[in-house]
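[1] The following comprises the amino acid sequence and a computationally predicted model.
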Amino acid sequence: MGLSKVIEIHEDVFADNDKSADELRKYLKKNGTLMINFMSSPGSGKTTTLSRLINSLKDEYKIALMNVDIETSVDADTIAKNTGVKTLQINNGGLCHIDADMTSRSVTQFDVDGVDLLILENIGNLVCPAEFDTGAHLNIMILSIPEGDDKPLKYPLMFSKCDVVLINKIDAKEYFDFDINKAKERIFNLNPKAIILPISAKTGEGYEPLLDYIRNQIKKIKTKELTEQEKEALIRKYERGLRTGSDIDMYKEKNSKKENKESLCDTHWDGA
Ligand SMILES: Nc1nc2c(ncn2[C@@H]2O[C@H](COP(=O)(O)OP(=O)(O)OP(=O)(O)O)[C@@H](O)[C@H]2O)c(=O)[nH]1
Ligand SMILES: [Mg+2]
(Lines give C-alpha, C1' and ligand atoms only; values in the text may rest on other atoms or scores of the structure.)
(Ligands and ions follow the chains in the order given, each with its own letter.)
Protein backbone atom coordinates (compact mmCIF):
# COMPACT_ATOMS: atom_id res chain seq x y z
CA MET A 1 0.00 0.00 0.00
CA GLY A 2 2.68 2.44 1.12
CA LEU A 3 4.86 1.39 -1.81
CA SER A 4 2.19 1.97 -4.45
CA LYS A 5 1.58 5.49 -3.06
CA VAL A 6 5.24 6.31 -3.48
CA ILE A 7 5.09 5.16 -7.09
CA GLU A 8 2.03 7.35 -7.78
CA ILE A 9 3.75 10.42 -6.36
CA HIS A 10 6.86 9.64 -8.35
CA GLU A 11 4.87 9.41 -11.59
CA ASP A 12 3.02 12.65 -10.87
CA VAL A 13 6.27 14.52 -10.32
CA PHE A 14 7.54 13.49 -13.75
CA ALA A 15 4.17 14.14 -15.42
CA ASP A 16 4.05 17.66 -13.92
CA ASN A 17 7.64 18.24 -14.96
CA ASP A 18 6.95 17.13 -18.54
CA LYS A 19 3.95 19.50 -18.71
CA SER A 20 6.01 22.46 -17.44
CA ALA A 21 8.81 21.52 -19.85
CA ASP A 22 6.42 21.49 -22.83
CA GLU A 23 5.03 24.89 -21.81
CA LEU A 24 8.53 26.36 -21.60
CA ARG A 25 9.47 24.93 -25.03
CA LYS A 26 6.36 26.47 -26.60
CA TYR A 27 7.01 29.83 -24.94
CA LEU A 28 10.61 29.87 -26.18
CA LYS A 29 9.58 28.78 -29.67
CA LYS A 30 7.11 31.70 -29.83
CA ASN A 31 9.94 33.96 -28.72
CA GLY A 32 12.18 32.58 -31.53
CA THR A 33 14.65 31.26 -28.94
CA LEU A 34 16.38 27.89 -29.28
CA MET A 35 17.31 26.44 -25.89
CA ILE A 36 20.05 23.81 -25.64
CA ASN A 37 20.76 21.85 -22.46
CA PHE A 38 24.43 20.81 -22.10
CA MET A 39 25.09 17.89 -19.76
CA SER A 40 28.14 15.86 -18.75
CA SER A 41 30.04 14.52 -15.76
CA PRO A 42 32.08 17.07 -13.77
CA GLY A 43 35.11 18.29 -15.67
CA SER A 44 34.31 16.89 -19.15
CA GLY A 45 34.65 20.37 -20.56
CA LYS A 46 31.20 22.02 -20.63
CA THR A 47 32.43 25.50 -19.68
CA THR A 48 35.44 25.31 -22.01
CA THR A 49 33.35 23.93 -24.90
CA LEU A 50 30.72 26.63 -24.39
CA SER A 51 33.19 29.51 -24.20
CA ARG A 52 34.60 28.56 -27.61
CA LEU A 53 31.18 27.83 -29.08
CA ILE A 54 29.71 31.17 -27.93
CA ASN A 55 32.73 33.11 -29.21
CA SER A 56 32.30 31.41 -32.62
CA LEU A 57 28.60 32.27 -32.91
CA LYS A 58 28.12 35.52 -30.98
CA ASP A 59 28.55 37.79 -34.02
CA GLU A 60 25.74 35.92 -35.82
CA TYR A 61 23.24 35.49 -32.97
CA LYS A 62 22.19 36.99 -29.68
CA ILE A 63 23.24 34.38 -27.11
CA ALA A 64 22.59 34.05 -23.36
CA LEU A 65 23.76 31.42 -20.92
CA MET A 66 22.33 30.01 -17.69
CA ASN A 67 24.64 27.92 -15.53
CA VAL A 68 23.50 25.53 -12.80
CA ASP A 69 25.74 24.56 -9.90
CA ILE A 70 25.21 23.65 -6.29
CA GLU A 71 27.29 26.63 -5.20
CA THR A 72 29.39 29.51 -6.56
CA SER A 73 29.14 31.52 -9.76
CA VAL A 74 32.55 30.44 -11.05
CA ASP A 75 31.35 29.03 -14.40
CA ALA A 76 28.88 31.81 -15.21
CA ASP A 77 31.59 34.36 -14.37
CA THR A 78 34.15 32.51 -16.52
CA ILE A 79 31.84 32.44 -19.54
CA ALA A 80 30.82 36.10 -19.05
CA LYS A 81 34.51 37.04 -18.89
CA ASN A 82 35.52 34.83 -21.86
CA THR A 83 32.68 35.81 -24.17
CA GLY A 84 30.94 38.98 -22.95
CA VAL A 85 27.45 37.45 -23.30
CA LYS A 86 24.75 37.81 -20.66
CA THR A 87 24.94 35.00 -18.08
CA LEU A 88 22.89 33.88 -15.10
CA GLN A 89 24.12 31.58 -12.34
CA ILE A 90 21.49 29.32 -10.82
CA ASN A 91 22.44 27.82 -7.45
CA ASN A 92 20.00 24.99 -6.93
CA GLY A 93 20.38 24.43 -3.20
CA GLY A 94 22.25 21.14 -3.29
CA LEU A 95 20.11 19.20 -5.75
CA CYS A 96 21.76 17.02 -8.38
CA HIS A 97 19.50 18.28 -11.18
CA ILE A 98 17.41 21.21 -12.41
CA ASP A 99 13.78 20.63 -13.36
CA ALA A 100 11.49 22.46 -15.76
CA ASP A 101 9.86 24.65 -13.08
CA MET A 102 13.25 25.85 -11.86
CA THR A 103 14.34 26.48 -15.45
CA SER A 104 11.10 28.38 -16.23
CA ARG A 105 11.50 30.60 -13.17
CA SER A 106 15.08 31.33 -14.17
CA VAL A 107 14.08 32.11 -17.76
CA THR A 108 11.39 34.53 -16.52
CA GLN A 109 13.88 36.39 -14.31
CA PHE A 110 16.56 36.36 -16.99
CA ASP A 111 14.47 38.00 -19.74
CA VAL A 112 15.25 36.24 -22.99
CA ASP A 113 13.54 38.70 -25.35
CA GLY A 114 15.45 38.84 -28.62
CA VAL A 115 17.73 35.96 -27.60
CA ASP A 116 18.28 33.50 -30.50
CA LEU A 117 20.22 30.89 -28.54
CA LEU A 118 19.75 30.19 -24.84
CA ILE A 119 22.29 27.76 -23.42
CA LEU A 120 21.87 25.86 -20.17
CA GLU A 121 25.07 24.47 -18.66
CA ASN A 122 23.58 21.78 -16.45
CA ILE A 123 25.10 20.50 -13.25
CA GLY A 124 28.04 18.08 -13.71
CA ASN A 125 26.44 14.67 -13.22
CA LEU A 126 25.71 11.75 -15.56
CA VAL A 127 22.65 10.46 -13.67
CA CYS A 128 20.09 12.98 -12.33
CA PRO A 129 20.02 15.60 -15.13
CA ALA A 130 19.04 12.87 -17.62
CA GLU A 131 15.87 12.18 -15.64
CA PHE A 132 14.44 15.70 -15.78
CA ASP A 133 13.24 17.37 -18.96
CA THR A 134 14.35 20.99 -18.55
CA GLY A 135 12.21 22.38 -21.37
CA ALA A 136 15.17 22.65 -23.72
CA HIS A 137 14.60 21.93 -27.43
CA LEU A 138 17.85 19.97 -27.68
CA ASN A 139 20.04 17.99 -25.31
CA ILE A 140 23.75 17.85 -25.99
CA MET A 141 26.05 15.80 -23.78
CA ILE A 142 29.81 15.75 -23.54
CA LEU A 143 31.85 12.61 -22.97
CA SER A 144 35.54 13.32 -22.63
CA ILE A 145 38.40 11.03 -23.56
CA PRO A 146 39.85 10.61 -20.01
CA GLU A 147 36.47 9.31 -18.75
CA GLY A 148 36.69 6.13 -20.84
CA ASP A 149 34.68 4.57 -23.70
CA ASP A 150 32.64 2.41 -21.30
CA LYS A 151 30.48 5.28 -20.00
CA PRO A 152 27.54 4.58 -22.37
CA LEU A 153 27.33 1.10 -20.79
CA LYS A 154 27.27 2.51 -17.26
CA TYR A 155 25.00 5.54 -17.76
CA PRO A 156 22.61 4.45 -20.52
CA LEU A 157 19.79 6.91 -19.75
CA MET A 158 21.97 9.95 -20.33
CA PHE A 159 23.21 8.63 -23.67
CA SER A 160 19.75 7.61 -24.80
CA LYS A 161 18.24 11.04 -23.98
CA CYS A 162 20.59 13.27 -25.94
CA ASP A 163 20.44 14.48 -29.52
CA VAL A 164 24.16 15.05 -29.84
CA VAL A 165 27.17 13.50 -28.07
CA LEU A 166 30.38 15.50 -28.20
CA ILE A 167 33.49 13.41 -27.58
CA ASN A 168 35.74 16.08 -26.12
CA LYS A 169 39.49 16.36 -25.41
CA ILE A 170 40.49 14.47 -28.57
CA ASP A 171 43.76 16.45 -28.43
CA ALA A 172 44.66 14.14 -25.49
CA LYS A 173 43.65 10.82 -27.09
CA GLU A 174 47.19 9.47 -27.38
CA TYR A 175 47.44 9.41 -23.57
CA PHE A 176 44.31 7.35 -22.96
CA ASP A 177 42.98 3.95 -24.06
CA PHE A 178 39.77 5.43 -25.41
CA ASP A 179 38.43 3.58 -28.46
CA ILE A 180 36.26 6.07 -30.39
CA ASN A 181 34.69 3.33 -32.55
CA LYS A 182 33.71 1.31 -29.49
CA ALA A 183 32.21 4.42 -27.87
CA LYS A 184 30.25 5.20 -31.06
CA GLU A 185 28.91 1.66 -31.31
CA ARG A 186 27.79 1.70 -27.67
CA ILE A 187 26.08 5.07 -28.11
CA PHE A 188 24.31 4.00 -31.33
CA ASN A 189 23.08 0.81 -29.61
CA LEU A 190 21.27 3.01 -27.09
CA ASN A 191 20.37 5.86 -29.39
CA PRO A 192 20.53 5.18 -33.14
CA LYS A 193 19.59 8.80 -33.98
CA ALA A 194 22.40 10.35 -31.94
CA ILE A 195 24.80 12.68 -33.73
CA ILE A 196 28.33 11.99 -32.50
CA LEU A 197 31.00 14.62 -32.99
CA PRO A 198 34.61 14.31 -31.76
CA ILE A 199 35.93 17.74 -30.72
CA SER A 200 38.65 19.49 -28.80
CA ALA A 201 37.44 22.51 -26.87
CA LYS A 202 41.10 23.33 -26.29
CA THR A 203 42.24 23.49 -29.94
CA GLY A 204 38.90 23.97 -31.76
CA GLU A 205 39.30 20.75 -33.78
CA GLY A 206 35.96 19.36 -34.97
CA TYR A 207 33.97 22.53 -34.19
CA GLU A 208 32.69 23.36 -37.70
CA PRO A 209 30.10 20.51 -37.89
CA LEU A 210 28.90 21.44 -34.39
CA LEU A 211 28.51 25.11 -35.30
CA ASP A 212 26.67 24.24 -38.52
CA TYR A 213 24.35 21.93 -36.63
CA ILE A 214 23.46 24.70 -34.16
CA ARG A 215 22.99 27.28 -36.94
CA ASN A 216 20.59 24.89 -38.63
CA GLN A 217 18.64 24.30 -35.43
CA ILE A 218 18.32 28.07 -34.82
CA LYS A 219 16.97 28.42 -38.36
CA LYS A 220 14.42 25.67 -37.70
CA ILE A 221 13.17 27.23 -34.47
CA LYS A 222 12.45 30.46 -36.32
CA THR A 223 10.52 28.71 -39.12
CA LYS A 224 6.86 29.51 -38.76
CA GLU A 225 4.47 26.64 -39.32
CA LEU A 226 1.77 27.27 -41.94
CA THR A 227 -1.76 27.55 -40.56
CA GLU A 228 -4.26 24.97 -41.86
CA GLN A 229 -5.96 27.77 -43.85
CA GLU A 230 -2.70 28.82 -45.48
CA LYS A 231 -1.91 25.21 -46.37
CA GLU A 232 -5.34 24.64 -47.92
CA ALA A 233 -5.17 27.90 -49.87
CA LEU A 234 -1.82 26.90 -51.34
CA ILE A 235 -2.99 23.39 -52.20
CA ARG A 236 -6.19 24.73 -53.87
CA LYS A 237 -4.19 27.24 -55.85
CA TYR A 238 -1.74 24.51 -56.90
CA GLU A 239 -4.50 22.06 -57.83
CA ARG A 240 -6.45 24.66 -59.83
CA GLY A 241 -3.49 24.82 -62.15
CA LEU A 242 -2.10 28.25 -61.34
CA ARG A 243 1.28 26.76 -61.96
CA THR A 244 3.54 29.67 -62.38
CA GLY A 245 7.09 28.82 -61.34
CA SER A 246 6.97 31.04 -58.27
CA ASP A 247 3.69 29.53 -57.00
CA ILE A 248 5.10 26.03 -57.15
CA ASP A 249 8.41 27.04 -55.66
CA MET A 250 6.67 28.82 -52.82
CA TYR A 251 4.52 25.76 -52.16
CA LYS A 252 7.49 23.43 -52.20
CA GLU A 253 9.57 25.71 -50.03
CA LYS A 254 6.83 26.08 -47.42
CA ASN A 255 6.17 22.33 -47.41
CA SER A 256 9.84 21.51 -47.02
CA LYS A 257 10.05 23.95 -44.11
CA LYS A 258 7.16 22.09 -42.55
CA GLU A 259 8.92 18.76 -43.08
CA ASN A 260 12.08 20.13 -41.52
CA LYS A 261 10.13 21.21 -38.53
CA GLU A 262 8.39 17.86 -38.24
CA SER A 263 11.67 16.03 -38.26
CA LEU A 264 12.76 18.20 -35.34
CA CYS A 265 9.44 17.46 -33.60
CA ASP A 266 9.82 13.71 -34.11
CA THR A 267 12.91 13.50 -32.04
CA HIS A 268 12.64 16.33 -29.57
CA TRP A 269 9.37 18.06 -28.95
CA ASP A 270 5.88 18.75 -30.23
CA GLY A 271 6.69 22.38 -31.05
CA ALA A 272 3.04 23.48 -31.24
N1 LIG B 1 43.22 18.82 -23.04
C2 LIG B 1 42.00 19.32 -22.97
N3 LIG B 1 41.54 19.81 -21.84
C4 LIG B 1 40.28 20.33 -21.80
C5 LIG B 1 39.45 20.36 -22.96
N6 LIG B 1 38.26 20.89 -22.62
C7 LIG B 1 38.34 21.18 -21.31
N8 LIG B 1 39.57 20.85 -20.81
C9 LIG B 1 40.06 21.02 -19.43
O10 LIG B 1 39.26 20.21 -18.58
C11 LIG B 1 39.06 20.84 -17.31
C12 LIG B 1 37.58 20.96 -16.98
O13 LIG B 1 36.97 21.77 -17.96
P14 LIG B 1 35.60 22.53 -17.68
O15 LIG B 1 35.25 23.21 -18.95
O16 LIG B 1 35.70 23.36 -16.46
O17 LIG B 1 34.63 21.33 -17.40
P18 LIG B 1 33.09 21.36 -16.94
O19 LIG B 1 32.42 20.22 -17.56
O20 LIG B 1 32.52 22.70 -17.19
O21 LIG B 1 33.23 21.13 -15.36
P22 LIG B 1 32.05 21.30 -14.25
O23 LIG B 1 31.28 22.53 -14.58
O24 LIG B 1 32.81 21.43 -12.97
O25 LIG B 1 31.23 20.07 -14.30
C26 LIG B 1 39.76 22.19 -17.41
O27 LIG B 1 41.05 22.08 -16.86
C28 LIG B 1 39.86 22.43 -18.91
O29 LIG B 1 40.94 23.25 -19.28
C30 LIG B 1 39.99 19.83 -24.19
O31 LIG B 1 39.36 19.82 -25.25
N32 LIG B 1 41.26 19.32 -24.13
MG1 LIG C 1 31.53 24.04 -15.93
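    That came through fine. Ligands and ions are numbered 1, 2, ... in the order given.
[2] How many neighbouring residues does the residue of the chain found nearest ligand 2 have?
    Closest contact between the chain and ligand 2, by Cβ to the ion, is at residue 47 (3.4 Å). The C-beta positions use only the backbone N, C-alpha and C, and glycine is treated the same way. Residue 47 has 20 neighbours, counted by other Cβ atoms under 10 Å.
[3] Contact partners for it?
    67, 75, 78, 79, 121 (Cβ atoms under 8 Å, 6 or more residues apart in numbering).
[4] what's the farthest-apart pair in these?
    Within the contacts of residue 47, 78 and 121 form the most distant pair, 10.2 Å apart (Cβ to Cβ).
[5] Please identify which of the two sits among more neighbours.
    residue 121 (25 against 16).
[6] Can you name the residues bridging to that one?
    residue 38, residue 67 (DSSP bridges).
[7] the helices in the stretch 1-150 of the chain, which residues?
    Ranges of helices in the stretch 1-150 of the chain, per DSSP state H, counting those that start in this stretch, are 2-31, 46-57, 74-83, 100-110.
[8] any idea which of these is most buried?
    Highest mean neighbour count of the helices of the stretch 1-150 of the chain: helix 46-57, a mean of 22 (counted as mean count of other Cβ atoms under 10 Å).
[9] what's the angle between that helix and helix 74-83?
    With axes from the mean of the first three to the mean of the last three Cα atoms, to 10 degrees defining the directions, helix 46-57 sits at 30 degrees from helix 74-83.
[10] Please give the centre-to-centre distance between helix 46-57 and its chain.
    In terms of Cα atoms, centre = their mean, to the nearest Å, the centre of helix 46-57 is found 14 Å from the chain centre.
[11] Please see if that helix touches ligand 1.
    Yes: against ligand 1, helix 46-57 shows contacts by Cβ under 6 Å from any ligand atom at 46, 47, 48.
[12] confidence score at the second one?
    Here the pLDDT value assigned to residue 47 is 97.
[13] Against residue 72, how distant is it?
    12 Å (Cβ to Cβ, to the nearest Å).
[14] what is the residue positioned nearest the centre of the chain paired to in the beta sheet?
    Centroid-nearest residue in the chain: residue 138, 2.4 Å away (criterion: Cα atoms, centre = their mean). Per DSSP bridges, residues listed as beta-bridge partners of residue 138: residue 36.
[15] What residues does it make contact with?
    Here residue 138 is in contact with 34, 35, 36, 37, 163, 164, 217, 268 (criterion: Cβ under 8 Å, 6+ apart).
[16] now those residues: which count as buried?
    34, 35, 36, 37, 163, 164, 217 (16 or more other Cβ atoms under 10 Å).
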